[in-house]
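Asks: curious how this folds, go ahead:
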Amino acid sequence: MSISSHAKHGPNNGRSMPTGDFALDIKPNDSAASSEEEQIAFVRALRVQTAERYREVFKTATAPIRVMARMMNEVTAEARGAGIPAEILRRELSNRTIGDVNVRMITENIDGVDYSTIGEDLGLILPGEEIGGRISDGAVHLELNRREEDIERRLLRDYNWDMRVYDVFGVGNPLLREKLASRFERSWGLPVTPEKTYISIGALDALYKCILSLGYHFKQKYGRHSTFAFPAPGFAVVNWQVEVSGLKLLNIQTHAENHFKLTYDMLKAALADDPELRLLYLTVSNNPTAFSYSPDEIRDLYRAIIEDGREFAVLADLAYVGTGIPEADKERMQAFNVPDILHRTLFINSLSKVYTLTGDRCGWVSFTNDDWAEILKSAWNNLTAGLPAEWQLRFTAMVERFDEHPEIQAKISALYALRRDHLRLDLAVIDREHHIFDVIGLDDHVTIYNWSKLKAGEDALSLFVKTGIAGVSGNAFGYSDEYIRLSVGFIPIPAGDE
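Replies: Numbering: from 1, shown residues only. This next block holds a predicted model:
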């Protein structure tokens, strides 16, 4: 049964919501005696009451995603405490705030492909864990443990690199840097090197170090704080990093007619208006909109920068490049393969989304500009002072395995595609019942999100009240509340909905 099924249950068929202080006298010890209709009505009443309680907080919240997550947790906890069955909770509450796949919760087995093995393919599942109704032998997990020891011996023998002593520059062990640079060049045909590939604790860590160090460099060189351009909607955590780094933040509002992408004319105007604009955040495949820049759109942006002529750094966030159609990703990445473009670009990379390794936090930056090498090394050294030894060994082993088994990434990408399509269809069913969406996301079949427009008068709270779906309001991404981001990745496709 799909998440749209809450339109099919309850005495009002989902059309009228309980309001005010309505609540049922359901307690954990007598809920089994309550009818299904009463249990559903109880959960819906909780949704209404919780939304009313948080409405004022929601208006001024600096982190709307946390407000929605807190609301969902409170309703879920109270309903469970009242003994509401798990099946009703699944129908009546759908947490679409969290985008990342939990590999232990993958249940899909579609067209002869068992996606529940992804966690085992990655080596995340431990021996003896029950996954997909079977007991795992944890073979890949054990294999990675063995590889870690082999890699440490290889580093000592072939690189004279001891993982257990202080790393002067803190940019990561040479073998991991070689593997990541080689993987990047092989995937996208871009000439990056291990020497200008620096490892980080996730992409956010790399972003912050690049923003901080380049912002300081530009201030020292030109005598003024630089401006950082943020095309909205976008991953707004970066804005906090910008402001605490002392840079000026320029929020550039993009538009639906351009698929929420920065254009040549917009960037050209921003450069003309602000002589201190020297940094741009460019999410090549965008969170939250799930639109990607085409090769020509990328070239046009750099044309504006090159025509202007000032020293400029583009932080190209590639977190979601690799979650969509491989051929399209290769084409857009080739747009960067021009000396004048490469010279101005820092490629921010992550394994979190492409390989569902969110909790493991491996990222890196690659660049070609010789002038930035020592500037960035200072940030890595002063902010990290070395990366954890066991963590580096694990990721070196994992990247080595990924290179040997490209089918792992292909399988993850296929799962994303299935979940994207299912959510879009499910939202259409929901909208026929509740008439809450103006536009249901039309994306480039990338990332793990759906970006949809709500009808006038609706917002994230009314969506939650009417449907039980918790999403993230557009204001969390520097944009309007009339848009909402719904995650694709976390919730499996229910059996029978494939």
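Asks: C-alpha from now on. contacts and neighbour counts both.
Replies: OK.
Asks: hang on, residue 456 in a helix?
Replies: No. If the criterion is DSSP: H, G, I helix; E, B strand; the rest coil, then residue 456 is coil and not within a helix.
Asks: from what I can see it touches residue 482, true?
Replies: Yes. In this structure residue 456 lies within contact range of residue 482 using CA atoms under 8 Å: 7.2 Å.
Asks: ok, these two, which is more surrounded?
Replies: Looking at residue 456 and residue 482 with other CA atoms under 10 Å, you find the greater number of neighbours at residue 482, namely 19 against 10.
Asks: torsion angles phi and psi at the more buried one?
Replies: With angles defined as degrees, to the nearest 10, residue 482 sits at phi -70, psi -10.
Asks: per-residue pLDDT of it, please?
Replies: Residue-level confidence at residue 482 comes out at 94, pLDDT.
Asks: in this structure it contacts residue 455, no?
Replies: Yes. Using CA under 8 Å, residue 482 is in contact with residue 455, at 7.2 Å.
Asks: tell me where the stretch 251-400 of the chain has strands.
Replies: Counting by DSSP state E, counting those that start in this stretch, residue ranges of the strands within the stretch 251-400 of the chain are 277-283, 313-317, 345-350, 363-367.
Asks: who does the third one pair up with?
Replies: When you say that, I think you mean strand 345-350. Each strand paired with strand 345-350, and its direction, by DSSP bridges: strand 313-317 (parallel), strand 363-367 (antiparallel).
Asks: now the angle from the first one to strand 277-283?
Replies: Put plainly, it is strand 313-317. Here strand 313-317 points in a direction 10 degrees away from that of strand 277-283 (axes from the mean of the first three to the mean of the last three CA atoms, to 10 degrees).
Asks: off-centre distance for strand 313-317?
Replies: When distances are taken as CA atoms, centre = their mean, to the nearest Å, strand 313-317 is centred 17 Å away from the chain's centroid.
Asks: what do you get for the last one?
Replies: With CA atoms, centre = their mean as the basis, the distance from the averaged C-alpha position of strand 363-367 to the chain average is 17 Å.
Asks: who touches it?
Replies: Contacts made with strand 363-367 from outside it, assessed by CA atoms under 8 Å, 6 or more residues apart in numbering, are listed as 181, 192-193, 196-206, 342-343, 345-352.
Asks: then stretch 231-241?
Replies: Surrounding stretch 231-241, the residues in contact under the criterion CA under 8 Å, 6+ apart are 204, 207-208, 211, 230, 249, 251-254, 260-262, 281-283, 286-289, 474, 476-479.
Asks: just the buried residues of it, please?
Replies: Counting neighbours by 16 or more other CA atoms under 10 Å, one finds that the buried residues in stretch 231-241 are 231, 232, 233, 234, 235, 236, 239, 241.
Asks: helices or strands next to the helix or strand harbouring residue 218 in the packing?
Replies: Taking DSSP states H and E as the criterion, residue 218 maps to helix 203-222. Using 3 or more CA pairs under 8 Å, 6 or more residues apart in numbering; DSSP states H and E, the elements in contact with helix 203-222 are helix 237-244, strand 345-350, strand 363-367, helix 373-383.
Asks: return the last one as PDB; C-alpha atoms alone will do.
Replies: Output in PDB follows, covering the C-alpha atoms of helix 373-383 (Å, rounded to 0.1, in the frame of the first residue of the first chain):
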ATOM      1  CA  ALA A 373      47.400  24.600  -3.300                       C
ATOM      2  CA  GLU A 374      49.200  26.100  -0.400                       C
ATOM      3  CA  ILE A 375      46.300  28.300   0.600                       C
ATOM      4  CA  LEU A 376      44.000  25.300   0.900                       C
ATOM      5  CA  LYS A 377      46.700  23.200   2.700                       C
ATOM      6  CA  SER A 378      46.800  25.800   5.400                       C
ATOM      7  CA  ALA A 379      43.100  25.300   6.100                       C
ATOM      8  CA  TRP A 380      43.300  21.500   6.100                       C
ATOM      9  CA  ASN A 381      46.300  21.700   8.500                       C
ATOM     10  CA  ASN A 382      44.900  24.300  10.900                       C
ATOM     11  CA  LEU A 383      41.300  23.000  11.000                       C
END
